[in-house]
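Q: Predicted structure and sequence below. I'll ask about it afterward.
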Amino acid sequence: MKKTLFGLMVLFLVCGLSACFDDASADMITLDENRIIQDQSFDVELDDWGDVKFVSYEPDNSVDFEDVSFFLTKDDMVIYSFPYYCENNSTENYVGLFDSVEAVDFYDVNNDQFKDVIVIINYVTGAGPQGMTPRPRARIFLACNEKSHQSFILATDLIDDITNNIEEQDLTISAIREYLENK
């Protein structure tokens, strides 16, 4: 099972290398300290990046359906912007409104000796008791190297697989890790 997952991940990475990119616009981003989700932002050592801060960044309240964003910073400067899940970073046709970042984990998902990033994000979908109950969604960013520079790709196939195979009420970092390890 682990070999199958590793083989699929290698294939995914080979096919998806064109999605690896150096986000040249990252150095032009200025973060508003008030929008940084402090309890879900972490100092971490990430392979080629070295000691950096992973920043979870709240949507702008003045923009309808804006999703959460993620960045790497060093010395209070943005050095990398993670890819968005939806076009224009909008949740309008996805899962509702951003509620919170529940968890962040740095874990080598595909056994390539690079730390990947797993995030669980909560969304609300409407009004009333059922609609306002936060619904978790996983997001997985796989580390990849291109031209001796590390970046991350959004692992949409793995995200879809997790969404289809782990019930919302059971979606935790440990459940995601266990599912991926036994796949």
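A: Perfect, thanks for sending it.

Q: neighbours of residue 70, just the number please.
A: When counting by other C-beta atoms under 10 Å, one arrives at 24 neighbours for residue 70. The way it works is simple: take the backbone N, C-alpha and C, and place the C-beta from them, glycine included.

Q: typo on my end, residue 128
A: Residue 128 has 8 neighbouring residues, counting by other C-beta under 10 Å.

Q: again with residue 56
A: Close neighbours of residue 56, defined as other C-beta under 10 Å, add up to 21.

Q: got it, and the one 10 residues further on?
A: The number of residues packed around residue 66, counting by other C-beta under 10 Å, is 18.

Q: Please name the bridge partners of it.
A: According to DSSP bridges, the partner residues bridging residue 66 are residue 90.

Q: mind listing what it touches?
A: 59, 60, 89, 90, 91, 98 (C-beta atoms under 8 Å, 6 or more residues apart in numbering).

Q: how far away is the fifth one from residue 122?
A: It stands for residue 91. For residue 91, the distance to residue 122 under the criterion C-beta to C-beta, to the nearest Å works out to 12 Å.

Q: Give the intersection of the neighbour lists for these two.
A: residue 98.

Q: if you go through this protein in chain order, where are the helices?
A: In the chain, the helices defined using DSSP state H lie at 2-16, 128-131, 156-165, 173-182.

Q: right, and residue 36 touches residue 56 too?
A: Yes. At 7.3 Å, residue 36 counts as touching residue 56 under the criterion of C-beta atoms under 8 Å.

Q: show me where pLDDT drops low in the chain?
A: Applying pLDDT under 70 to the predicted model, the residue ranges of the chain that meet it are 1-27, 129-131, 147-148.
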